[in-house]
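Chemist: only geometry, no sequence info:
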């Protein structure tokens, strides 16, 4: 029996793209901002986490047993994230290449105050774990499932209410973008304060919309969608460059809560959802990485920080172009993270048998 039979190849491919985008984005952040190519690449790598949110919304409301969802989320999502934070604490000096692996085990220097404060403040700002903000946000959305479920049922009144909230949130986020661009000339703050949801919840609601067959029929035509995707990401990158020149900072448009990134993420999801992946010969590779994507995401920052702190990496890439260094770094981080993710799955399999 095919072990991947029940998995949706299109969704797995989108999951893979999201995971790869996140890794490449974080690898890109290691390099200085002086390289123009960095801004262009960054503009096309911001869709990673939004794709994860959309996938979440796509499946979240299929099974409506809140208790089971919460238990599975704590067991399969939150606990592994907390364990990752603990590992980052224990092996921090090894990751930074200031102690060897066994010295860290022997000294066992755990900053419990830092660890517990990050957990109980529902945050992941500690070293090597900043990317885990997504996990905490994911859990919060699952906790809000009973409320969101009231909007995400295929009934006329609820469909209208959900679309109203989506439009209202979209307008408020657009107002926030305009407020940032034209802060001196115009004041859009009165519109911004009416934001009913965060952009993360908006992605989840859009994911639910995309799970409906009627929506997929409306959003069709891969050629047109590709042009929209390219335009939105390039336009967002251009706004980031303009913002950098005017305000000295481009961070605002290099986040996932920009209207252009919201549009491009929905479009990108729609493009790959329309592909006929089932006929692709190498689809098992798609399934392979899709099955490991969560654990790859979980540990990739620890791997990245370890690789860049190792002198050997810079010795290997000495006198090579920056773009080549970037590609090598991304491949190394993905490869090591994949091997470790496979080991975690193997250990889980053994534990489930006992």
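Modeler: Thanks, I have it. Worth saying up front: this structure is predicted, and the values here are computed from it rather than measured.

Chemist: where are the low-confidence patches of the stretch 1-150 of the chain?
Modeler: For the stretch 1-150 of the chain, residues meeting the criterion pLDDT under 70 lie at 1-6, 33-36.

Chemist: Where do the helices of the stretch 251-354 of the chain begin and end?
Modeler: 259-273, 283-308, 311-316, 322-353 (DSSP state H, counting those that start in this stretch).

Chemist: Next, give phi and psi for the residue sitting furthest away from the middle of the chain.
Modeler: Centroid-distance maximum for the chain: residue 106 at 34.8 Å, with CA atoms, centre = their mean. Dihedral pair for residue 106: phi -70, psi -40, per degrees, to the nearest 10.

Chemist: Any figure for the gap between it and residue 88?
Modeler: Per CB to CB, to the nearest Å, residue 106 is found 18 Å from residue 88. To be clear about C-beta, it is placed using only N, CA and C from the backbone, and glycine gets the same treatment.

Chemist: Now stretch 299-310: buried residues?
Modeler: Under the neighbour-count criterion of 16 or more other CB atoms under 10 Å, stretch 299-310 has 299, 300, 301, 302, 303, 304, 305, 306, 307, 308 buried.

Chemist: Find the nearest non-adjacent residue to the fourth one, please.
Modeler: For residue 302, the nearest residue in space outside its immediate sequence neighbours is residue 128; the separation is 5.0 Å by CB to CB, 6 or more residues apart in numbering.

Chemist: That neighbour in helix, strand or coil?
Modeler: Following DSSP: H, G, I helix; E, B strand; the rest coil, residue 128 is assigned to coil.

Chemist: re earlier: quick one, what contacts the residue farthest from the centre of the chain?
Modeler: By CB atoms under 8 Å, 6 or more residues apart in numbering, no residues touch residue 106.

Chemist: ok, it to residue 99 distance?
Modeler: Distance of residue 106 to residue 99, computed by CB to CB: 9 Å.

Chemist: now do residue 67
Modeler: Noted for residue 67: a distance of 44 Å to residue 99, by CB to CB.

Chemist: Can you tell me which of the buried residues of stretch 299-310 is closest to residue 225?
Modeler: Residue 225 has its nearest neighbour among those in residue 300, at 28.7 Å by CB to CB.

Chemist: The closest one contacts residue 333, correct?
Modeler: Yes. Assessed by CB atoms under 8 Å, residue 300 is found in contact with residue 333 at 5.8 Å.

Chemist: so what's in contact with these two at the same time?
Modeler: Residues touching both residue 300 and residue 333 (CB under 8 Å, 6+ apart) are residue 23.

Chemist: Can you list the residue ranges for helices in the stretch 1-150 of the chain?
Modeler: Taking DSSP H, counting those that start in this stretch, the helices of the stretch 1-150 of the chain run over residues 9-28, 36-43, 48-60, 66-73, 79-90, 92-95, 101-107, 112-120, 133-143, 145-151.

Chemist: Name the residues that touch the second one?
Modeler: Contacting residues not belonging to helix 36-43 are listed as 24-25, 28, 31-33, 233-234, 236-237, 240-241, 250, 254, 322-323 [CB under 8 Å, 6+ apart].

Chemist: Over to the last one?
Modeler: Residues from elsewhere that reach helix 145-151, judged by CB under 8 Å, 6+ apart: 60-61, 64, 66, 69-70, 141, 158, 161-162, 165, 201, 204-205.

Chemist: and that helix, which residues are buried?
Modeler: Under 16+ other CB under 10 Å, the buried positions of helix 145-151 are 145, 148, 151.

Chemist: contacting residues around the residue lying closest to the last one once chain neighbours are set aside?
Modeler: Yep, that's residue 151 we're talking about. Nearest residue to residue 151 in three dimensions, chain neighbours excluded: residue 162, at 4.4 Å (CB to CB, 6+ apart). With contact set as CB under 8 Å, 6+ apart, residue 162 has these partners: 151, 152, 205, 208, 209.

Chemist: Nearest residue to the middle of this structure?
Modeler: Closest-to-mean residue, the chain, CA atoms, centre = their mean: residue 49 / 2.1 Å.

Chemist: pretty sure that one is touching residue 132, no?
Modeler: No. In this structure, residue 49 is not within contact of residue 132 by CB under 8 Å, at 11.8 Å.

Chemist: Residue 311: how many residues sit nearby?
Modeler: Residues lying near residue 311 (other CB atoms under 10 Å) number 8.

Chemist: Let me fix that, I meant to ask about residue 223.
Modeler: Residue 223 is flanked by 8 other residues according to other CB under 10 Å.

Chemist: Same check on residue 56?
Modeler: What residue 56 shows, counting by other CB under 10 Å, is a neighbour count of 17.

Chemist: Comparing residue 67 and residue 99, which shows the higher neighbour count?
Modeler: In this view residue 67 and residue 99 are compared by other CB under 10 Å, and residue 99 has more residues nearby, 17 against 7.

Chemist: What distance do you get for the more buried one to residue 314?
Modeler: In terms of CB to CB, residue 99 sits 20 Å off from residue 314.

Chemist: Please apply the same query to residue 301.
Modeler: According to CB to CB, residue 301 stands 19 Å off from residue 314.
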